[in-house]
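[1] Quick one: sequence plus predicted model below, questions after.
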Protein chains: 2
Amino acid sequence: MKKLIASLFAGVVAISPAWADAVEEMIAVDRAFSAMAQEESVPAAFAAYAADDVMMFPDGGQPYQGRDKLIERFSGWTDGATLEWFPQAGMASSSDDFGFTWGRYVSTSPGDEGEKVSHGKYISIWRKENGEWKFVADIGNSNPEPETP
Amino acid sequence: MKKLIASLFAGVVAISPAWADAVEEMIAVDRAFSAMAQEESVPAAFAAYAADDVMMFPDGGQPYQGRDKLIERFSGWTDGATLEWFPQAGMASSSDDFGFTWGRYVSTSPGDEGEKVSHGKYISIWRKENGEWKFVADIGNSNPEPETP
């Protein structure tokens, strides 16, 4: 019986793609990033997880590069605005040091006629630096509210 | 003199980052992809460069996965609509088999009140498969017309 379990386990390991661990790592980091945005603040979370040479692609705005600029832009974050995101899946390089996660987001912003709710999806591209995953690019766009967010 | 030139050249090679070749390759492939879209058609080019498990993130629509679905969606391409894009830069993994390019796009669609022009930016994520680069994810969003497209 022990032998059977061992072979089953070996089988599971064998069929796992080479990049599974890196993808799992990136999804876990993206979840921690999202949790920090809720528990601390969206600007603090973006500053914490961004690589120094990060490239940002804001929906409706021009792209820009650099963690310093990111911090400056996010310092203008609207009071009462929220951004929550939900990592779904990802892919990684064979070297397990580069890849992306994608997910869904829901953002709200306060307005004269009540709260405005927006739904969308995003891609974050991650690079492992000295054992730590940092995002090197971030882009998102809108979609109608999905049936399951 | 020959020796001086040789050392200068060696210096240039030494300061090139390890991933420069993969980024150059991806940018060249993205340019060929864009050229095919103009010379043949946008649907033909997307079908030619997409990986089988490609993930698509259309602006304003739900994400979907698979080259088959991509071909089906692009078969509904509006007659007379155009999409041109201009690769700018990218990054790659240390294994030189995974990375992304980003660029600017200009799209036009015919309408009752004349042609509608939209400007934006995109990220294409690339994976090298049997020596060939295929895109595994594609996402874009809008921005005002940049000063230099």
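    Everything's here; your move. Residues are numbered from 1 along each chain as shown, chains lettered A, B, ... in the order given.

[2] Run the contact check for the host helix or strand of A:Ser118 versus chain B.
    Assigned by DSSP states H and E, A:Ser118 belongs to strand A:116-129. Yes: counting by C-beta under 8 Å from any C-beta of the partner chain, chain B is contacted by strand A:116-129 at A:121, A:123, A:125, A:127. Glycine gets a C-beta too; all of them are placed from N, C-alpha and C.

[3] For chain A, what lies in contact range of chain B?
    So far as C-beta under 8 Å from any C-beta goes, chain A lies against chain B at A:55, A:57-63, A:91-95, A:97-100, A:102, A:121, A:123, A:125, A:127, A:136-137, A:139-144, A:146.

[4] check contacts around the most centrally placed residue in chain A.
    Per C-alpha atoms, centre = their mean, the C-alpha nearest to the average position across chain A is that of A:Asp30, at 4.2 Å. Contacts here follow C-beta atoms under 8 Å, 6 or more residues apart in numbering or on different chains; on that basis A:Asp30 touches A:85, A:87, A:90, A:101, A:103, A:124, A:126.

[5] from those, which ones fall inside strands?
    Those of the contacts of A:Asp30 mapping onto strands are A:85, A:87, A:90, A:101, A:103, A:124, A:126, per DSSP state E.

[6] Can you flag the buried ones in those?
    Buried members of the ones in strands among the contacts of A:Asp30, counted by 16 or more other C-beta atoms under 10 Å in any protein chain shown: A:85, A:87, A:90, A:101, A:103, A:124, A:126.

[7] Okay, strands next: where are they in chain A?
    Under DSSP E, chain A gives strands at A:50-57, A:64-65, A:82-92, A:98-109, A:116-129, A:132-142.

[8] buried ones in the longest one?
    Read it as strand A:116-129. For strand A:116-129, by 16+ other C-beta under 10 Å, it's A:120-128.

[9] Ok, the fourth one next?
    Under the neighbour-count criterion of 16+ other C-beta under 10 Å, strand A:98-109 has A:98-107 buried.

[10] May I have the longest helix that chain A contains exported as CSV, CA atoms only?
    If you go by DSSP state H, chain A has its longest helix at helix A:20-39. C-alpha atoms of helix A:20-39 as CSV (Å, rounded to 0.1, in the frame of the first residue of the first chain):
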residue,chain,number,x,y,z
ALA,A,20,4.2,25.0,-11.8
ASP,A,21,6.1,26.1,-8.8
ALA,A,22,7.0,29.5,-10.2
VAL,A,23,3.4,30.1,-11.2
GLU,A,24,2.2,29.1,-7.8
GLU,A,25,4.8,31.4,-6.2
MET,A,26,3.7,34.3,-8.4
ILE,A,27,0.0,33.8,-7.7
ALA,A,28,0.8,33.7,-4.0
VAL,A,29,2.8,36.9,-4.3
ASP,A,30,0.0,38.6,-6.3
ARG,A,31,-2.5,37.5,-3.5
ALA,A,32,-0.3,39.0,-0.9
PHE,A,33,0.0,42.2,-3.0
SER,A,34,-3.8,42.4,-3.2
ALA,A,35,-4.2,41.7,0.5
MET,A,36,-1.7,44.5,1.3
ALA,A,37,-3.7,46.9,-0.9
GLN,A,38,-6.8,46.2,1.2
GLU,A,39,-5.1,46.0,4.6
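
[11] Contacts for stretch A:61-72, please.
    A:43, A:46-47, A:50-58, A:73, B:102, B:121, B:143-144, B:146.

[12] re the thing from before, which strands or helices does the strand holding A:Ser118 pack on?
    helix A:20-39, strand A:98-109, strand A:132-142, strand B:116-129, strand B:132-142 (3 or more C-beta pairs under 8 Å, 6 or more residues apart in numbering or on different chains; DSSP states H and E).
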